[in-house]
Structures are given as structure tokens and as C-alpha cells.
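return atomic coordinates for the entry below.
(2 chains)
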Amino acid sequence: AQTVTQSQPEMSVQEAETVTLSCTYDTSESNYYLFWYKQPPSRQMILVIRQEAYKQQNATENRFSVNFQKAAKSFSLKISDSQLGDTAMYFCAFMVATNKLIFGTGTLLAVQP
Amino acid sequence: KAGVTQTPRYLIKTRGQQVTLSCSPISGHRSVSWYQQTPGQGLQFLFEYFSETQRNKGNFPGRFSGRQFSNSRSEMNVSTLELGDSALYLCASSSMDVYTEAFFGQGTRLTVV
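This next block holds a predicted model:
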């Protein structure tokens, strides 16, 4: 079975600090994409960062970066210099078939002033 | 470029009725996927359409159906509504390439009473 596990239901971080959200997945496929999506209170799902499984280099998007460990099937998200606008639910997901995303249960991140 | 548009944003239906939700993808995107989001089950894949053909289907009963038109707009239909169908229904569009990120609409909040 293809699954995504986010073991941290809730996390809190002080503004300007760094936080890491954990994600593990299980699949027998060798070629797939991994994603982190953000869902603020507005409910709009917003893509934060994407990682191709065949690439060894970790993806980076401004303050967001990932630590992709393919052998361990781990895909964590690091948010640097946290901002109040980062407060949201964060979902880890992967895609093994065309445009079918499998999501984790999410981590609710609260950035405190 | 306009984003993914879902209508209506909110809907209240009575148990036993049927409902149709609409999704207009980003211009040029030919793939449309539908997801159901509930507090208990999280985000679950319903189905995906590409060029008017259903390519993938999740584990939902036959009461859930969809279609895609020649202009890539998609509709999702739920017949004989049950209380458990109350959820946020999200639509996502992707370009024709394999393994691309999905861009989500703001969702339709369906409440079944």
C-alpha cells in the first residue's frame, strides 16, 4: 500500500525561528514526485515545494527547503525565518501515477509572535 | 493567468438529493482531479480526467461520478447524498505533462443535512 505518514499533528514555532516538519512515505515505485502543500484558513491548497525522486539534490524555495532521504523514505520540510503568514496546515504528498496525489494527515503549524 | 475556479463555494443539500459541482481548470491545463477533504478521512483522491477520459479513480462508491468537457471544465456529481458526504471538495488542474504539480481551487464546501 502507498501511504504517507506525518507524525506531528501540531507544531508551534516563534516568529523568525526555524522549524522542521516530518514526513515518511511508503511505495515500491522507483520514480515519483514528492510535494509539500500548505492550506491556510482560507482552505486554498498552495504548493510550497516539490522534489523529484530521481534527483539527489534537495529542493529549495526561498525560506523553504527539504531533506529528502530516499533510502529511508523520508521527506522533511524546513521553514527558516518563520513568519506569521506561515501559519497553516501543511500536507506532505506524493504522486506515483499521473496526477494522483496521496496525502498525509497534515501538520498544523502555528507561528507565534 | 486565472487560477482554478470552483463553483459554488458553499452548498447545503438534504439527504437523498443529488448535487453537481463544477471546476474550471487553469487555461491550457487538460487534467482535472477531484479530492474530498473531511476531518476524519483527510484528503482522499476521487478521480482524475484528462482530455474527457477518466484515467484514475479512487475508492469511492458509484454514487460519485464525474465528467470532463471538451474545454477541460469538469463536473462532479454525487447522487443520493448521505450525511457522510459533507466535506470540502477540492479540484486541481495540471498540465498535460506527467508528474507535474497540481494547482488547487478554493473548494466547494458541501453540507448534507
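
rest of the way, CA atoms for contacts and neighbours
Will do.

residue contacts, the residue nearest to B:Y10 when sequence neighbours are not counted?
In this structure, B:Y10 finds its nearest non-sequential neighbour in B:R109, 4.7 Å apart by C-alpha to C-alpha, 6 or more residues apart in numbering or on different chains. Counting by C-alpha atoms under 8 Å, 6 or more residues apart in numbering or on different chains, B:R109 makes contact with B:R9, B:Y10, B:L11, B:S86, B:A87, B:L88, B:Y89.

who's in contact with residue 54?
Chain wasn't specified; assuming chain A. By C-alpha under 8 Å, 6+ apart, the contact set of A:Y54 is A:N31, A:Y32.

try chain B instead
Applying C-alpha under 8 Å, 6+ apart to B:Q54 gives the contacts B:F47, B:E48, B:R67.

of these, which is the most crowded?
Taking other C-alpha atoms under 10 Å in any protein chain shown as the neighbour criterion, B:E48 ranks highest of those with 27 neighbours.

and that residue, which of the three is it?
Per DSSP: H, G, I helix; E, B strand; the rest coil, the secondary structure class of B:E48 is strand.

what residues are bridge-paired with the closest residue to it other than its chain neighbours?
Leaving aside its sequence neighbours, B:E48 sits nearest to B:S33 (C-alpha to C-alpha, 6+ apart; 4.1 Å). B:S33 has the following beta-bridge partners by DSSP bridges: B:E48, B:A92.

any idea how many residues pack against B:S33?
Around B:S33 there are 29 other residues, counting by other C-alpha under 10 Å.

residues contacting the closest residue to chain A within chain B?
Going by C-alpha to the nearest C-alpha, chain A is nearest to B:Q106 of chain B, at 4.7 Å. Residues counted as contacts of B:Q106 (C-alpha under 8 Å, 6+ apart) are A:S42, A:R43, A:Q44, A:M45, B:V4, B:T5, B:Q6, B:R9, B:L90.

from A:D86, how far off is the residue nearest to the fourth one when sequence neighbours are not counted?
In this case it means A:M45. Nearest residue to A:M45, sequence neighbours excluded (C-alpha to C-alpha, 6+ apart): A:Q39, at 4.7 Å. Using C-alpha to C-alpha, to the nearest Å, A:Q39 is found at 10 Å from A:D86.

ok, B:V19 next?
As judged by C-alpha to C-alpha, B:V19 and A:D86 stand 35 Å apart.

what's the answer for B:A102, then?
Taken as C-alpha to C-alpha, the span from B:A102 to A:D86 is 20 Å.
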